[in-house]
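Asker: What follows is a protein structure lacking sequence information:
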């Protein structure tokens with residue numbers, strides 16, 4: 001089964017490892033990732049996503065601030081967009 005692609009901010013690599021172990025495809029959060037990610041994991045809610053006022057991604061943004069890696073994994077599993 002092909003799992004969702006998840007984009008994460010660079011400083012959140014420890015979350016990325018947990019997501020990869022669960023079978024997700026993890027990519028760095030950059031402009032290209034916005035078009036392919038089924039969920040985006042960021043640290044903090046005041047982030048100006050890549051300097052873009054209105055990011056062109058429908059993927060849910062998950063704020064990992066204060067969350068454990070397992071909590072982030074649960075949020076991704078619950079909220080990732082399922083594309084076929």
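Answerer: Thanks, I have the structure now. Computed from a prediction, not measured in an experiment: that's the story for all the values here.

Asker: so the residue nearest to the spatial centre of the chain, which of the three states?
Answerer: The geometric centre of the chain, computed from its C-alpha atoms, lies nearest to residue 40 (C-alpha atoms, centre = their mean), at 2.5 Å. At residue 40 the chain is in strand, as set by DSSP: H, G, I helix; E, B strand; the rest coil.

Asker: again, but for residue 58
Answerer: In three-state terms, and counting by three-state DSSP, residue 58 is coil.

Asker: my read: it touches residue 80, true?
Answerer: No: applying C-beta atoms under 8 Å as the test, residue 58 and residue 80 come out as separate, 11.4 Å apart. Every C-beta, even on glycine, is put in place using the N, C-alpha and C of the backbone.

Asker: Of those two, which one has the most company?
Answerer: residue 80 (20 against 11; other C-beta atoms under 10 Å).

Asker: How are the helices of this protein distributed by residue range?
Answerer: 13-21, 69-79 (DSSP state H).

Asker: Turn the ones you listed into CSV, including mean pLDDT, distance to residue 33 and mean neighbour count.
Answerer: Listed next are these as CSV, based on pLDDT from 0 to 100; distance: least, C-beta to C-beta, whole Å; neighbours: other C-beta atoms under 10 Å:
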stretch, mean pLDDT, distance to residue 33, mean neighbour count
helix 13-21, 94, 12, 16
helix 69-79, 95, 14, 16
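
Asker: In the protein, where is pLDDT below threshold?
Answerer: 1-2, 45-57, 82-84 (pLDDT under 70).

Asker: so which of the helices of the chain gets nearest residue 35?
Answerer: helix 69-79 (18.0 Å; C-beta to C-beta).

Asker: can you tell me how far the nearest residue to residue 39 once chain neighbours are set aside sits from residue 24?
Answerer: In space, residue 39 comes closest to residue 80 once its chain neighbours are excluded; the distance is 4.2 Å by C-beta to C-beta, 6 or more residues apart in numbering. Taking C-beta to C-beta, to the nearest Å as the measure, residue 80 falls 8 Å from residue 24.
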